[in-house]
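structural data only, the sequence is not supplied:
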């Protein structure tokens, strides 16, 4: 499982020494291997870090920046990157992949020769073609659940069998297998792991259990 921190809720990251930055190819490989991206949103930095550690205990393999000292082999990303300034700040914080709800062409072009993987958001076949032609190596289908969920994922994937797609928005743990079998290379989970009530109650052991369950669900649907 990977963890992507929402752009507005990144924890401070003034690290004196960082582990080696993963290349875009390595970050992409980690996503395809993990198949689950846990998206962590929290206004409280300390609570966010404890929740992230709990998810790591549950099987996470990619994580937000302050955990890199504790888990140097992990990969982490930043989500909800909306403009080049967001991208620059995330990269300076050490992000190894960036995600957007839509395709921000300025970011895609700026990162073309970069060491950071960019995952633009798409919804329609036209948007998939546009992002792919602009150089995207993987795309995020968002918001997938309101468009029909697994059925829409299956239909959108058919014309693009070789382009990895990440399904995002409203995905539950019990629907992970369905999305992966419909052609998604990975799924993004937010509240399904970092449940709002559990976060408010600081029930980190239960968050860890949800992360473990999500990891198990993904592993059962490996092709």
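The structure has been received and is ready for your questions. For clarity, every value in this text was computed on a predicted model and none was experimentally measured. Numbers count the residues shown, from 1 in each chain.

can you map out the helices along this structure?
24-34, 45-57, 84-92, 105-110, 125-133, 150-157, 176-181, 196-200, 204-220 (DSSP state H).

so for residue 117, which of the ones you listed sits nearest?
Nearest of the helices of the chain to residue 117, taken as CB to CB: helix 24-34 at 4.0 Å. Placement of C-beta: from N, CA and C, glycine included.

between the two ends of stretch 176-185, how far is it?
11 Å (CA to CA, to the nearest Å).

tell me the bridge partners for the most centrally placed residue in the chain.
Centroid-nearest residue in the chain: residue 37, 4.1 Å away (criterion: CA atoms, centre = their mean). On the basis of DSSP bridges, residue 37 is bridged to residue 2, residue 188.

so residue 95 makes contact with residue 79?
No - using CB atoms under 8 Å, residue 95 is not in contact with residue 79; the gap is 9.6 Å.

ok, residue 42 - contacts?
9, 48, 51, 194, 199 (CB atoms under 8 Å, 6 or more residues apart in numbering).

please identify which of those is nearest to residue 41.
The closest of the contacts of residue 42, once distances to residue 41 are taken by CB to CB, is residue 9, at 5.1 Å.

mind checking pLDDT for the closest one?
Listed pLDDT for residue 9 reads 45.

ok, residue 124 next?
Value for residue 124, per-residue pLDDT: 98.

count the residues that sit near it.
11 (other CB atoms under 10 Å).

could you check how far it is from residue 114?
26 Å (CB to CB, to the nearest Å).

what of residue 50?
Taking CB to CB, one finds residue 50 at 31 Å from residue 114.

same thing with residue 27?
Residue 27 is 11 Å from residue 114, by CB to CB.

pull the helix or strand with minimum mean pLDDT from the protein.
Ranked by mean pLDDT, DSSP states H and E, the weakest helix or strand in the chain is strand 2-6, scoring a mean of 74.

got the angle for that one vs helix 84-92?
130 degrees (axes from the mean of the first three to the mean of the last three CA atoms, to 10 degrees).

for strand 2-6, packing partners?
helix 24-34, strand 36-40, helix 45-57, strand 76-79 (3 or more CB pairs under 8 Å, 6 or more residues apart in numbering; DSSP states H and E).

can we see that at 10 Å?
helix 24-34, strand 36-40, helix 45-57, strand 76-79, strand 97-99, strand 165-168, strand 186-189 (3 or more CB pairs under 10 Å, 6 or more residues apart in numbering; DSSP states H and E).

quick one: residue 154 and residue 178 touch, right?
Yes - in this structure, residue 154 is within contact of residue 178 by CB atoms under 10 Å, at 9.3 Å.

neighbour count for the two, which is higher?
Neighbours were counted for residue 154 and for residue 178 using other CB under 10 Å; residue 178 has more, 20 against 16.

now that one: how far from residue 172?
From residue 178 to residue 172 the distance is 10 Å (CB to CB).

joint contacts of these two?
Residues touching both residue 178 and residue 172 (CB atoms under 10 Å, 6 or more residues apart in numbering): 149, 187, 217.

neighbour-wise, which one of those leads?
Going by other CB under 10 Å, residue 187 tops the shared contacts of residue 178 and residue 172 with 30 neighbours.

quick one: contacts for that one?
1, 35-38, 141, 144, 153, 166-169, 171-173, 175-180, 214, 217-218.

so what pLDDT did it get?
Looking at residue 187, the pLDDT reads 95.

with residue 220 instead?
pLDDT at residue 220 comes out at 88.

the closest residue to it other than its chain neighbours: neighbour count?
Distance criterion CB to CB, 6 or more residues apart in numbering; nearest residue to residue 220, sequence neighbours excluded, is residue 177 at 6.3 Å. Neighbourhood size, residue 177 [other CB under 10 Å]: 15.
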